[in-house]
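1. Sequence and predicted model, in that order:
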Amino acid sequence: MSIEIENIYKEYQKKGETVIALDNVSLHIKEGGFIGLLGPKDAGKTTLLKILATLLTPSSGEAYLNDLSLKDKKQIKKIVGSVFTETSKGRIFERLSVFHYLMLYARRSGLQKIIAKQRIHELLNFFNLTERRQVQVKNLPIGLKSIILLIRALVPFPQILLLDEPMLGLEVESSEEEKNLLEDGLPLTVATQELTTVLNSFSFSEKRGGLLRKLPIGMKAIVLLIRSLIPFPKILLPDESTAGFYNESSEKIKTLLNEFNREFGTTILITSQNYAEIDELTSRLILIDNGKIVQDCEPQLFKKTAVQEYILFIFSLPPLPSNGFGMSKLPDKIFKKLVKDSAGADILSLREKDSVNFVYEAIVQPKQFSLSETISRITVLILRASGEIFKIAPYTPSLKESFLAFLENRKNEDRRDDEGEAATPISKISGDPPDSPATLNRKLKKSSNKDDGL
């Protein structure tokens with residue numbers, strides 16, 4: 001299911017001033033793409049997703065989802081699933097039970113009741129939430145609400161999935177539980193004499209090592225009662241609010257999203273402040289800043305460009321005879337030239353680590369060849385010179401590090417522009433695929449209309 005975005009512009013008024021949320025954004029996303037949207041706060045990511053979900057109307061421009069115009073909201077909603085965490089607060093439908101809440105949205109998407117019921121059951125069971133099906137949505141912890149919102153979006157098996165911080169609630173719940181445990185100073189497995197006594201009285205001692213969420217609902221009720229009897233309730237945590245549960249759920253969500261993307265061809269756009277998550281899931285990265293697309297490429301390519309990878313070498317080389325009776329250390333300029341000529345790499349630093357044994361430490365930055373090819377060429381160079389290698393430590397920057405470095409470079413570029421200094425613009429790595437036939441036809445029609453004076 002392809003997405004064509006043509007010059008989307010969105011502005012709104014805030015405290016009497018015009019704010020540009022999106023500044024003529026154009027994109028082509030192929031069917032089955034898994035796209036990560038990154039950008040600082042208020043960059044325009046959520047605004048773009050809401051426009052595609054028909055929750056917002058652009059000030060100008062157009063977008064087509066599988067050749068359906070955004071103006072055709074009824075048809076768009078049949079093929080698009082979306083998760084916007086902040087829009088789930090205070091909705092009247094949250095008074096419904098989990099099952100009826102999911103069924104309501106499934107039926108609204110046009111699913112038959114029997115199919116909707118089966119899919120809801122399967123997805124709840126996948127997340128071990130079957131026993132929560134009769135709980136009111138409004139009474140769920142924020143982490144579970146995030147899972148229910150995702151299930152709601154997946155039940156109709158959407159052709160396009162728009163996800164705005166889908167795991168944010170899980171991260172909040174997990175970090176809060178970990179924080180509570182640290183503050184209490186009590187790991188989950190701690191059992192005092194008082195707790196042991198109470199467990200024995202309920203014949204629960206043999207269950208103490210088991211996972212709480214796997215207990216039958218009746219036993220869970222007893223555990224909750226036991227918890228209330230202990231003067232330090234953080235020893236036993238409620239089943240679905242443990243850090244372990246949310247970490248496990250995050251992994252399940254990733255598995256599920258990959259399955260929808262690969263098996264069903266679902267086109268997915270996701271925003272997240274969890275950079276490792278974006279790096280792991282997506283095959284294409286789009287960076288938005290101040291309402292404009294500033295980078296569009298593969299995550300790996302972006303990381304190599306924003307923050308250069310490098311290699312740490314610790315090695316020894318036999319000393320060279322000096323003009324006197326002693327032996328001289330490695331000539332820096334000669335070695336740097338050899339590395340440049342043979343491996344196409346630059347030496348960022350070279351220092352003597354052990355002067356007695358002629359051991360050196362070098363930080364090398366690949367330029368002409370890949371990381372592995374550079375390592376191979378330098379290794380051959382050192383071994384041919386009868387040297388010995390003690391350590392090779394390649395370093396590849398994380399997506400977060402690359403993203404922050406990129407933003408810092410943009411700020412410095414803007415600052416130099418403001419001060420009238422000459423600045424080297426940050427090059428844009430385009431990973432944008434060519435226009436689809438449908439897009440080309442629309443552009444040709446528009447061009448023809450202009451030529452005819454229409």
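-> Cool, got the structure. Residues are numbered from 1 along each chain as shown.
2. CA only for contacts and neighbour counts going forward, please
-> Will do.
3. how close does Thr305 get to Leu129?
-> 43 Å (Cα to Cα, to the nearest Å).
4. OK, contacts around Tyr310?
-> Listed by Cα atoms under 8 Å, 6 or more residues apart in numbering, the contact partners of Tyr310 are 363-366, 371, 394-396.
5. Name the member of these with the most neighbours.
-> For those, the largest number of neighbours (other Cα atoms under 10 Å) sits with Val364, at 25 neighbours.
6. my guess is that residue meets Ala343, correct?
-> No. Val364 lies out of contact with Ala343 (Cα atoms under 8 Å); the separation is 10.0 Å.
7. Just the CA atoms from the helix or strand containing Ile311 would do, formatted as CSV, please.
-> Following DSSP states H and E, the helix or strand that holds Ile311 is strand 310-316. C-alpha atoms of strand 310-316 as CSV (Å, rounded to 0.1, in the frame of the first residue of the first chain):
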residue,chain,number,x,y,z
TYR,A,310,36.3,4.4,13.6
ILE,A,311,38.6,1.5,14.6
LEU,A,312,40.9,1.3,17.5
PHE,A,313,44.1,-0.6,16.8
ILE,A,314,46.7,-1.6,19.4
PHE,A,315,49.7,-3.1,17.7
SER,A,316,53.5,-3.3,17.7
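8. List of residues touching the helix or strand encompassing Ser372?
-> Using DSSP H and E, Ser372 sits within helix 371-384. For helix 371-384, contacts defined as Cα under 8 Å, 6+ apart pick out 309-311, 315, 317, 339, 342-345, 366, 388-389, 394.
9. Only the buried residues of the strand or helix carrying Glu413, if you could.
-> Counting by DSSP H and E, the element that carries Glu413 is helix 399-418. Using 16 or more other Cα atoms under 10 Å as the test for burial, helix 399-418 gives 399-400, 402-403, 406-407, 410, 413.
10. Tyr9: neighbour count?
-> If you count neighbours by other Cα under 10 Å, Tyr9 ends up with 21.
11. Buried by neighbour count: which residues of the strand or helix carrying it qualify?
-> Using DSSP H and E, Tyr9 sits in strand 3-14. The neighbour-count check on strand 3-14 (16+ other Cα under 10 Å) flags 3-10 as buried.
12. so which of those comes closest to Ser283?
-> Ile3 (15.8 Å; Cα to Cα).
13. which intervals of the protein have sub-threshold pLDDT?
-> For the chain, the stretches flagged by pLDDT under 70 are 1, 86-92, 169-246, 320-329, 414-454.
14. rerun that using 80 as the cut-off
-> Along the chain, the model assigns pLDDT under 80 to residues 1, 85-94, 168-247, 304-308, 319-331, 410-454.
15. Which parts of the protein belong to which domain?
-> Domain assignment for the chain by automatic domain parsing gives 3-170+245-298, 198-236, 308-395, 401-451.
16. And the residue lying closest to Pro40 once chain neighbours are set aside, how close does it get to Gly61?
-> Closest residue in space to Pro40, ignoring its immediate chain neighbours: Asp289 at 6.6 Å, by Cα to Cα, 6 or more residues apart in numbering. Counting by Cα to Cα, the gap from Asp289 to Gly61 is 19 Å.
17. can you check Glu94 too?
-> If you measure Glu94 against Gly61 using Cα to Cα, the figure is 34 Å.
18. These two: which has the busier surroundings?
-> A direct count of neighbours by other Cα under 10 Å for Glu94 and Gly61 places Glu94 higher, at 18 against 15.
19. Tell me which residues touch that one, please.
-> Glu94 makes contacts with 101, 136-138, as judged by Cα under 8 Å, 6+ apart.
20. what about it, is that helix, strand or coil?
-> helix (DSSP: H, G, I helix; E, B strand; the rest coil).
21. Distance of it relative to Gln136?
-> According to Cα to Cα, Glu94 and Gln136 sit 7 Å apart.
22. quick one on the thing from earlier: following the helix holding Ser372, which helix or strand comes up?
-> Counting by DSSP H and E, the next helix or strand C-terminal to helix 371-384 is strand 388-395.
23. quick one: that following strand to strand 310-316, angle?
-> Using axes from the mean of the first three to the mean of the last three Cα atoms, to 10 degrees, one finds that strand 388-395 and strand 310-316 are set 170 degrees apart in direction.
24. Give me the buried stretch members for stretch 347-355, please.
-> Buried residues in stretch 347-355 (16+ other Cα under 10 Å): 347, 350, 352.
25. Same list, those residues, but as JSON lines with secondary structure and distance to Gln112 please.
-> Formatted as JSON lines, the buried residues of stretch 347-355 follow (DSSP: H, G, I helix; E, B strand; the rest coil; distance: Cα to Cα, whole Å):
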{"residue": "Ile347", "secondary structure": "strand", "distance to Gln112": "65"}
{"residue": "Leu350", "secondary structure": "strand", "distance to Gln112": "69"}
{"residue": "Glu352", "secondary structure": "strand", "distance to Gln112": "73"}
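26. Was I right to think Ser250 contacts Leu168?
-> No. Here Ser250 does not reach Leu168: they are 10.0 Å apart, not a contact under Cα under 8 Å.
27. between these two, which one's more packed in?
-> The neighbour comparison of Ser250 against Leu168 (other Cα under 10 Å) goes to Ser250, with 20 against 17.
28. roughly how far apart are the more buried one and Glu94?
-> Distance from Ser250 to Glu94, counting by Cα to Cα: 23 Å.
29. now Leu102
-> 10 Å.
30. quick one: the helices in the stretch 201-350 of the chain?
-> In the stretch 201-350 of the chain, the helices defined using DSSP state H, counting those that start in this stretch lie at 217-229, 243-263, 275-281, 299-306, 332-343.
31. do you know which of those helices lies nearest Leu154?
-> Using Cα to Cα, those put helix 243-263 closest to Leu154, at 8.8 Å.
32. what's the neighbour count on Val294?
-> Neighbourhood size, Val294 [other Cα under 10 Å]: 18.
33. go on, Val19?
-> Neighbours of Val19 under the rule other Cα under 10 Å: 14.
34. re earlier: most tightly surrounded among the domains of the chain?
-> For the domains of the chain, the largest average neighbour count (mean count of other Cα atoms under 10 Å) is found in domain 3-170+245-298, namely a mean of 18.
35. May I have the distance across that domain, first residue to last?
-> Taking Cα to Cα as the measure, domain 3-170+245-298 stretches 18 Å from start to finish.
36. Also stretch 147-160?
-> Start and end residues of stretch 147-160 are separated by 18 Å (Cα to Cα).
37. ok, residues contacting it?
-> Applying Cα under 8 Å, 6+ apart, the contact partners of stretch 147-160 are 1, 78-83, 85, 88, 98, 102, 105-106, 109, 111, 116, 119-120, 123-124, 161, 166-167, 265-268.
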